[in-house]
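Sharing a sequence plus its predicted fold:
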Amino acid sequence: MGQEEMVTPGEVEVKPTEVKARKGTYVAKHNGIIYASLTGLPRTRPTAEVTGHKAHGAVPAPGSVVIARITKVMARMASAYIMCVGSKSVREKFTGTIRQQDVRATEIDKVDKHLSFRPGDIVRSLVLSLADARAYSL
């Protein structure tokens, strides 16, 4: 990776045989690869390190409380654009989905997405998991 390329959490850095994992990185137990643990600029000689880049704001993680704007409502889910993680705004584009079964704890089958959300609504939500590279399950 070039010195000017920004990395985000989970992006592959390098193999530990080439360099040592340091600040801002971790070695995955399942494959031994060094990954970034924060958003920033990578340095890979002689150690792998990611220096945080404050201009990129907060990054959602499972267990985080987020503020999101509903962008699309479908029969079984709603899509949202994450605007804040806790009290910190995000500067990168993060999206999330709220599934029908995650709207409330009881009477899940009676949830009508079109009565629960409308495009443009602002919601407070809990991040359940990272669904893929930039989409979260809320």
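Arrived safely.

how much space between the most centrally placed residue in the chain and residue 118?
The chain has residue 60 as the residue nearest its centroid, 4.2 Å off, counting by CA atoms, centre = their mean. Distance from residue 60 to residue 118, counting by CB to CB, to the nearest Å: 23 Å. All C-beta atoms are positioned from the backbone trio N, CA, C, and that covers glycine.

returning to what we had before: that's a strand at the residue nearest to the centre of the chain, yeah?
No. Membership of residue 60 in a strand is not supported by DSSP: H, G, I helix; E, B strand; the rest coil, which gives coil.

In this structure it contacts residue 80, no?
No. With contact defined as CB atoms under 8 Å, residue 60 does not count as touching residue 80 (11.2 Å).

Could you name every residue contacting both of the two?
residue 96 (CB atoms under 8 Å, 6 or more residues apart in numbering).

Show me what whichever strand or helix holds residue 81 packs onto, helices and strands only.
Here residue 81, judged by DSSP states H and E, is contained in strand 77-85. The contact analysis (3 or more CB pairs under 8 Å, 6 or more residues apart in numbering; DSSP states H and E) places strand 77-85 against strand 65-73, strand 88-99, helix 113-116, strand 122-126.

rank those by pLDDT, which is bottom?
Per-segment mean pLDDT for the helices and strands packed on strand 77-85 reaches its minimum on helix 113-116, at a mean of 70.

coming back round to it: out of the helices and strands packed on strand 77-85, flag the one nearest residue 49.
strand 88-99 (20.6 Å; CB to CB).

quick one: buried residues of that closest one?
Within strand 88-99, the residues scored as buried using 16 or more other CB atoms under 10 Å are 90, 94, 95, 96, 97, 98.

So which other helices or strands are in contact with it?
Against strand 88-99 (3+ CB pairs under 8 Å, 6+ apart) you get strand 65-73, strand 77-85, strand 122-126, strand 135-137.
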